[in-house]
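S.K.: Build me a structure from this.
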Amino acid sequence: MIKATYPNAKDFYSLLSALVKVSDEIVLNFTEDSIFSRYLTDDKVLMVILKISKEFLEDYNIEKPLGIKVNISDLKKILSKAKSKSASVTLEETEAGLKVTVRDEKTGVRSNIYVKGEKTGVDQLSEPKVNLTATFTINGKILSEIAKDLSLIGEEVTISANEDTVTFSVEESGRTYKAILKQDKPLTSIKVDSPAEAVYSIEVLKDVLKASSFSSNVSVGFGKNIPMKIEARTDSGGQLIFWIAPRL
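M.R.: Predicted coordinates for the structure are as follows:
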């Protein structure tokens, strides 16, 4: 049987809210070192990964690795009751799926819900293996606002990096938008091993960055015409990883 407690139900809700943008169902994989879920859209443009390493879990026990397919909306239904970061969420395997318990450590209020789930093998989907030649970090809310501005102009954005500068630019129907980002203006870090440039869907990027906006330190990596990796971490150690395919 499986039992796992994540100390911050509000953060867990943020993680699930990102996944629901790409699928109604996910497979929660319980392994010896982590809980994770990976999903690839049918058009293979976007991969979304949720991961919580064992070190950030309380009372984590599994008899053997297992995947459980569940409806995300069912999980969000009970997690929406968590209004403070003092609430924890516990997942327990049942014959029919999962028992989810949200408990507020301050008030002692406890809520339970039983979620139907299909038990499967652990997901073997792998991440892209590419050389990310440019990486930078930035507040998620700032990046989300940039994506909103881009969406007002066109459908494709060219992202480039050279030395100490990252540029987002779009031009369509005579209109142009360009965001130039540098260290402390507003990047918190930047590293460019070699010049990088690629074109991505603004619609996909906008959804991803909106889902990542909860994080004050979003990490972005890309290279010449390769998938972009966007990583957002919660305060309690959970992380979301997005891979966005370039437009060639």
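S.K.: Show me this structure divided up by domain.
M.R.: Annotated domains of the chain cover 3-120, 134-244 [automatic domain parsing].
S.K.: And the first one, end to end?
M.R.: This means domain 3-120. End-to-end distance for domain 3-120: 17 Å, by CA to CA, to the nearest Å.
S.K.: Check the model's average confidence along that domain for me.
M.R.: In this model, domain 3-120 carries a mean pLDDT of 88.
S.K.: Please identify the helix or strand for Lys206.
M.R.: Using DSSP states H and E, Lys206 falls within helix 202-212.
S.K.: what does that helix rub up against?
M.R.: If you take CB atoms under 8 Å, 6 or more residues apart in numbering as the criterion, helix 202-212 is touched by 17-18, 21, 45-46, 140, 143-144, 146-148, 150-151, 154-157, 170, 218, 230, 232, 240, 242, 244. Where you see a C-beta, it was placed from the backbone N, CA and C, and this is true even at glycine.
S.K.: Just the ones in strands from these, please.
M.R.: Residues of the contacts of helix 202-212 located in strands (DSSP state E): Leu46, Glu156, Val157, Val170, Val218, Ile230, Ala232, Leu240, Phe242, Ile244.
S.K.: which is the next helix or strand following the helix or strand hosting Val70?
M.R.: Assigned by DSSP H and E, Val70 falls within strand 66-71. Under the assignment DSSP H and E, the closest C-terminal helix or strand after strand 66-71 is helix 72-79.
S.K.: by contact count, what packs against whatever helix or strand comes next after that following helix?
M.R.: Where DSSP H and E defines the elements, the next helix or strand beyond helix 72-79 is strand 87-93. Where contact means 3 or more CB pairs under 8 Å, 6 or more residues apart in numbering; DSSP states H and E, strand 87-93 is packed against strand 3-6, helix 9-19, strand 97-104.
S.K.: Which strands border strand 87-93, and is each parallel or antiparallel?
M.R.: Sheet pairing here is set by DSSP bridges, and for strand 87-93 it gives strand 3-6 (antiparallel), strand 97-104 (antiparallel).
S.K.: Would you mind writing the CA trace of that strand as CSV?
M.R.: These are the backbone C-alpha positions of strand 87-93, laid out as CSV (Å, rounded to 0.1, in the frame of the first residue of the first chain):
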residue,chain,number,x,y,z
ALA,A,87,-2.7,22.6,5.4
SER,A,88,-1.1,19.3,4.4
VAL,A,89,-2.4,16.7,1.9
THR,A,90,-2.1,12.9,2.3
LEU,A,91,-2.5,10.4,-0.5
GLU,A,92,-3.3,6.8,0.4
GLU,A,93,-3.8,3.9,-1.9
